[in-house]
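Peer 1: From the sequence below, what's the structure:
(2 chains)
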Amino acid sequence: MKKYSLFIVLLGFLVTSCDDFLDRDPLDKITDQQMTFSAKEMELYANKYYGNFPVLGGADYGPYEKDNASDNLVSGAYNYDAQISGTITVPSSGGGWDWTMLRGLNFFIDNYHKSQDPIIETAPYIGEIYFWRAWFYYDKLKQFGDLPWIGKALYADSEELFDTRASRTVIADSIIADLDRAISLLPEKSVATSGRIHKDVALLFQSRVALYEGTWEKYHNGTPFGVKNADPDRFFRIAANAARAVIDKGVYAIEPVGEDKAKGYWSLFNQTDLSANKEVLLWKKYDMALGVYNNSQSIWGVSDNNTGVSKYMVEAYLCTDGKPISLSPLYLGDDQVGKEVQNRDPRLSQTIYQKGDPRVIVNGQVSGVFTVPDMTYDSRLRNTTGYQLYKGCDPSAVHEGGYITASIIFRYAEILCNYAEAKAELGECNQEDLNISVNQLRDRVDMPHMTIDVGFVDPKWDFPGLSPLLNEIRRERRVEFACEGYRFDDLMRWAAIHLIKRPMIGAKMKQFADIKDEFKPVLDPSAIPVNEVGYIAPHWNSPAKNGWQFDANKNWLKPLPSNELVLNSNLDQNPGY
Amino acid sequence: MVKNYYIQQDREICILKLIPKITRIMKLTCLLLCLSIGMVLASQSYAQTTKFSVHETEKTVADVLEEIEQQTDFHFFYNNKIVDVNRKVSINVQNEDVFTLLGSLFKGSNVRYKVIGTDVILTTVDMADSDQIGKKITGKVTDFQGEPVIGVNVVEKGTTNGTTTDVNGSYSLMLLGDNAVLQFSYIGYATKDVTVDGKSEVSVSLQEDSQALEEVIVVGYGTAKKVNLTGAVAQVDSKTMENRSVTNIGKALQGVVGNLNMTVSGNGGAPGSTMDYNVRGTTSLSGGSPLFIVDGVPADNINNINPSDVETLTVLKDAASAAIYGARAAYGVILVTTKKGAKNEKVTVSYNNVVGYNHATCIPNQVSSLDFANAYNIASLNSGQSPMFSDEHIERIKAYMADPEHYPSNIPNPNNTDYWSYATLDNDNVDWFRAFFKPGSWNHKHDLSVRGGTEKSNYYVGAGYYKENGLLRYGKDRFERFNLTTNLHYEPYKWLRGDFRIKFSRDKNNTVSEAYNGDIGNWVHLATTRYPNWSLKDPNGHWASTSHIYKQIDGGRTLDNTNVFSVTGALEAEPIKGWKINVDYTYRNTARRESTHDKAVIWEYTVSEVPVMAPNHDAFSTLQAQTDYSSFNAYTSYEHLFGDHFMSVMVGQQLELSKYDYLTAMRRNLINQDIPSLSTAIGEQTNSQQLTHWTNMGTFIRANYNYKEKYLIEFNARYDGSSKFQRGDRFGFFPSVSLGYNIARENFWTIEHIVNSLKLRASYGSLGNQNVGDYLYLSTVNVGSNYGYLIDGVRPNYLDAPGLVSRNLTWETVSTIDVGVDASFLSNQLNLSFDWYRRTTTDMFGPANALPAVLGASVPQENNADLRTSGFELNLGWRDQIGKDFSYNVNLVLSDYTSKVTTYNNPTRILSTYYEGQTIGEIWGYKTAGIIQTEEQLKNIPDQSYIYGNWTIGDIEYKDLNNDGKIDKGKNTKDDHGDLDIIGNTTPRFSYGISLGAQWKGFDLNIFLQGVGKRDFCPPTGGNSGVFFWGFTGGFGSNMYKETSDFWTSENTGAYYPKPYNSSEVYKNQQPQTRYLQNAAYLRLKNFQLGYTIPQTVMSKIGLQRIRMFISGENLFTITSLQKNFDPELLNGSWGAGKVYPLTKTFSFGFNVDF
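Peer 2: Predicted coordinates:
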């Protein structure tokens, strides 16, 4: 019978069970409960947000290309940007209404007090997180205007999910408050870890946000896009103060880059290392060996990118006498290739290609020069206007599978432009203010100083209803930041409907038709759309022939996705949609 | 029996030690291993290896034999009328085997002996001559076709005296009794009894066992007679998988079993690609696949099993059948049993091979460069853009097409004249699919097996090799598999049986370096993104950069090897008849090793023929992943027949533990491209690891009762616990019950000659589904490395933000009700089986409550949704024989399912996610009014500005379904969906398989057709995904094919397609809509096989048992009305609709030899 005891034992075994066998905790992850918010954890947590900066990336112009959604660049596709071209439709979901980033930031803000580490070690990262929350909300503010303010990480049962939208003023104030916290927590540039956000970045950003909101509230006042009891001056004051705080530090300066002073402005944008540059507050470094690179130069070197600098952009540059082309005797007209840039603000010839400019430099030897714009190329690689972007191009960049041209994220020039504009909006701008701000930019390219009385009356001012000074400060901003991705925001906050609705045009066609054999392949003038007065009109065959169908009753803001309005009946749609 | 007693003591001690701690399971394995190895040795030949000593004087023969029986396992069989056992003998042997002993025992007598396993049969030499005391009988056993049947058991009824037939079907046997009755039995044939009645020759013809209901079906933890089954179970045998030129079992199973739905996996037809398995349609919104059990042990997949090693494959479809597997079996179970030897089976060595040639089933045809350029220019103009191809460019294209031998395919880049133009100025004329893929490639398969058995042991050893070459023209992609399966069975005692199984498989994938996938996508995708005018070769004859061909030729390799080794020891004890105790333990190690050589290749040659290297490609990376899996089962069962009442009960427990360890490492800058390894690289290096583990614990019970096999009832239940849920939520109890009624066994059944059998079945049960990721109840924070942004000069590490979780996540409960009928008619010539089922998934892991996006996270999964799937399976079979030589059979399998969401937390019923009442697969779209042909019509179209601002002639006019004058989606909810309507459904309906078989003399023919009766396919809107359907999709990825060329122009107003555009404006005409909805139903000739078996008369002369030769084909033709750029089985693809490695049609031939 002994063998039966085995079976009995086995049967006993069958009914045993225990929870211990089933407890299997993660082996290679920590959980949210296990986070201690040590300084090290905070640093790691903050790192992942750096990818949100607009930088050079794929085989395109990166941030430069954003000006296609403005009157600075003209894309071959008239509907390049759905908002400005008026082709935007109400999406059912998405459409920019993504809040994932915010929850990650709020989770940090809800919990960082758990940290046992001294504040001196954790402050920089807490400051960064507040900076990023401001960054997130500013991006949403520009797109949608009024927003729900979500100040903590939400859960599936949070009531805040069904919040109404707060007025954009409230949102702007909250952003500025977050930036105040960031400014107080972030270290000075001199002691900050290289490549990390520092105090002056937050100050610059605060001036940007405040100027945006101030001008928006001022120029949209009285429309469905404005706010009740608008007090734009409050924001201008914040903008001016933040900018002035950086200026007064005296650690930044506007200087030409490189040996060749005539290319000192252009050179700023094709450096690989900007760590010693006194103008750049924050930039992104690339390193082939580490596999961090961009592909921007693959376009600049050999072709254009189905875009081109607009006639309006080119005309904005003053002549070297400090006068606009409508007044200056130095202006040589636009009938002949190359004449148009002569005697002009040197930044023009450093922004668009001129015949003879190097396209490819190998081992110091120029192996390809620019002759004519790439107007005869395939549409993806074509120049659309006869003015080809040169700013940002690095002919000597070495193609090692990518490029390491540095991406500028924040530069001091913006502080200066923001300061001058805010002061001018406040009506407080004096010559000293101009001298410490925009005239610093003019000095770099040896242009005459701007004066408080401007000194001329340009019949073609973009904003004839505004003061000469504001017109010139806006012109300076446009010229200095040509094709750097600022223009769309500027057009929106200035409510510049008349600039948006103009038909987009390029250079005078005749000048190229005369030299059509110089093109390779040969230019077929009949293949280039031209308007009734002979200017290249890339949108001529499109519904934007007479200007974008931008609707001033709705297109200043984007529509909220329709699903969201259903999911949260407290949300309302933006005007006009 | 004394020594055996000690062995048992040892085992008891070991198992006692096990109890306190389960992790000591390993010890048991060791023990089982040792025991099993012992059995193997023993089974070689008990008679030869057993030595003993006998010292006796003046004892009777009977006493000596008894002494031997006591010492050993030998049993002696004799007729004491003929063998004189009362003779006194003296014997003295020391450590000799049985032959020596018997030799001396019967020396000088007329007694002869025969040893069969442990049985010794004693006869006398003159017995054959004696009329009184037994005689020799001979004969031949044939099947109904007259072919000899090998291995038939021929037994003198009531004795253990027996033999088996030889290769000629012949047998000879010494009869022991006077009025002997011979019993002839063989698997697959009806057992036949023949009275000898004084004859000296008895030849019989065996009938195939048409009584399919007597068939034994493999079920969970055991087998059952088909007649007693009460659940929905389908079984296929090895014939389904034999001689198919397919990579794995899955491809042979498509369409064979009702509602075992096989779909092509993401790899399409790439070498070694697999199929996805599904049982009975939509499972859960979070997915769910069947559980695979191989020889009683859960397996991750069954793709690595050699189809030739499979004996049976059983699908447990309803909850009642699968309930015994509980937590992991909610969506069906697929049981695979591999081949085994049989008791007293003659040794058979088999060799099979197949050699096949593969072609792609479907290769799109790109238009010529000239047609492309013209089309592209039209699209550009339509989009308000300038034409891309200038007149000069078109002239060059024409010139090249007129004289491709001499006219250059490209021009230097005007801005950088040492380089050829980048892509778009080219004037080549290339069909990129044919540039990347070759017309065909070879595959071959070889299988060798040995099987046999004795009374106490049997074995099967199978080895297989399969090699499939891919279709890449230069890439030499290939797949190889090696298999080894060993099944050993041993029965040391009457009450103890042991099994020892070793399985090994090695899958080897050798393909073009995956480091280039980022550049290429896949080669189909790459072909769609190349314009026909882009150069394949530059004018100097070097491969152009746009072609990426250097990457196929010389871009390094990705080698992906997976070894699966598993070892199982199983013991079955039967201490008293009917009471069985089983334990088994399996250890399985799955080791995957992948290495990728990211080799620097030439990207292009300059105009002056200087090579330029492809940038950024110089690295070696490796991946090593180990899964260690252990499964321990212990269960006991008792069955007994009390008169007409049969009862059985089983109870048991299973433990599973799985650990996964995944390591990757990469290092850049190899110092020598010929020696790719981490050690020979000197650049930046990265590494990472993933560690996971999970456990399962289940206690199960089954009880059966039947009365005369007429009224049947079965009860199953399982209590399961899973580590995937937290304490308190991790255990679930899942019961089921099933009933059967064999009406045809009732006395009142008088139409047996027409309806031979009729059984009604019904079952109901619920199961758990734990088929979810690990740690879903924990909000984990991933530690990332190598962030793509330099901070302080390094790529930093980072922490991801935690997501939202539902902390009390627990089982989904899956309940199935199943009603079925099995019947056979007309002497079992016609068989029918039908099942209707409804499967309800409750507490389903809903992918989301619909919540506002300000939540900022994916809504966590919760147990908050219900889904109902219902469908049916019908199986109809017919077989017949006409005349002596010709027989045929027809089998039809038809199945269907539909699913509805019955509960979902989406109160607004918004259409962007699931909603209550939704039929899974439904396609929402517009109704198309037509293409706008006139200005008049354009003026009168509804306001379509919701979709796009501008509409012109040649665009689509949509129907204003709600007559509000405008086309829109309303609120995009079920209750307000504007002009949207449900226009179709993507669920494959009425899947069917038709097999036709015929035999005539030595010839056999099998045809297998498979298809889907009803299915809709909605071409994706624009983008990279829509290119195969639309051609121009508004940007990168557009192309033009013969199939997409019929687009609207003012000259071609009757076109199928609307006006093409070259910008995202194209989307306005490509909305989901009725006009372009595709009928994706199809019929495909899956397999065709014609074989010839060489007649036995010839075979016996060359000394082989059997030779069969055959030709066969896979996927030979397809009937479908789908647009011809698509294969109906490849509608999706991670790079876009239809962008999948092509499926292949295969022509093959081969032979089978049995030695």
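Peer 1: Bridge partners for the closest residue to residue A:195 other than its chain neighbours, pull those for me.
Peer 2: Spatial nearest neighbour of residue A:195, chain neighbours left out: residue B:791 (4.4 Å); criterion: Cβ to Cβ, 6 or more residues apart in numbering or on different chains. Any C-beta I mention is one placed from the backbone N, CA and C, and that applies to glycine too. Note on residue B:791: beta-bridge partners residue B:794, judged by DSSP bridges.
Peer 1: from the stretch 251-400 of chain A, which residue is nearest to chain B?
Peer 2: residue A:378 (3.1 Å; Cβ to the nearest Cβ).
Peer 1: ok, that residue touching residue B:423?
Peer 2: Yes: in this structure, residue A:378 is within contact of residue B:423 by Cβ atoms under 8 Å, at 7.4 Å.
Peer 1: quick revisit: just give me the neighbour total for the residue nearest to residue A:195.
Peer 2: 20 (other Cβ atoms under 10 Å in any protein chain shown).
Peer 1: Now do the same contact list for it.
Peer 2: By Cβ atoms under 8 Å, 6 or more residues apart in numbering or on different chains, residue B:791 lies in contact with A:47, A:50, A:193, A:194, A:195, A:196.
Peer 1: List only buried entries from the residues you listed.
Peer 2: Taking 16 or more other Cβ atoms under 10 Å in any protein chain shown as the criterion, what is buried in those is A:47, A:50, A:195, A:196.
Peer 1: circling back: higher neighbour count, residue A:378 and residue B:423?
Peer 2: More crowded of residue A:378 and residue B:423, by other Cβ under 10 Å: residue A:378, with 22 against 18.
Peer 1: So for the more buried one, what's the nearest residue that isn't a sequence neighbour?
Peer 2: Spatial nearest neighbour of residue A:378, excluding adjacent residues (Cβ to Cβ, 6+ apart): residue B:424 at 3.1 Å.
Peer 1: sec struct for the one you found, please.
Peer 2: coil (DSSP: H, G, I helix; E, B strand; the rest coil).
Peer 1: For residue A:306, see how far away it is.
Peer 2: From residue B:424 across to residue A:306, the span is 11 Å (Cβ to Cβ, to the nearest Å).
Peer 1: any residues in contact with both of the two?
Peer 2: With Cβ under 8 Å, 6+ apart as the test, residue B:424 and residue A:306 both reach A:380, A:381.
Peer 1: So for the two, which residue has more residues nearby?
Peer 2: When residue B:424 and residue A:306 are compared on other Cβ under 10 Å, the one with more neighbours turns out to be residue A:306, at 26 against 19.
Peer 1: Let me see the mean pLDDT of stretch B:53-72.
Peer 2: For stretch B:53-72, mean pLDDT is 79.
Peer 1: At the geometric centre of the chain, which residue do we find?
Peer 2: I went with chain A, as the question did not name one. A centroid search over chain A (Cα atoms, centre = their mean) returns residue A:485, at 4.4 Å, as the residue closest to the centre.
Peer 1: that answer is for a different chain, and I need it for chain B
Peer 2: residue B:250 (2.9 Å).
Peer 1: quick one: secondary structure of residue B:353?
Peer 2: With three-state DSSP as the basis, residue B:353 sits in strand.
Peer 1: Can you give me the pLDDT of residue B:45?
Peer 2: At residue B:45, the pLDDT recorded in the model is 57.
Peer 1: Same check on residue A:492?
Peer 2: 97.
Peer 1: got the contact list for it?
Peer 2: For residue A:492, counting by Cβ under 8 Å, 6+ apart, the contacting residues are A:142, A:216, A:556.
Peer 1: Looking at neighbours, which among those residues is most surrounded?
Peer 2: Going by other Cβ under 10 Å, residue A:216 tops these with 28 neighbours.
Peer 1: that older thread, who touches the residue of the stretch 251-400 of chain A closest to chain B in this structure?
Peer 2: Residues near residue A:378 by Cβ under 8 Å, 6+ apart: B:388, B:389, B:423, B:424, B:425.
Peer 1: Surely the second one and residue B:375 touch.
Peer 2: The reference is to residue B:389. No: in this structure, residue B:389 is not within contact of residue B:375 by Cβ under 8 Å, at 9.8 Å.
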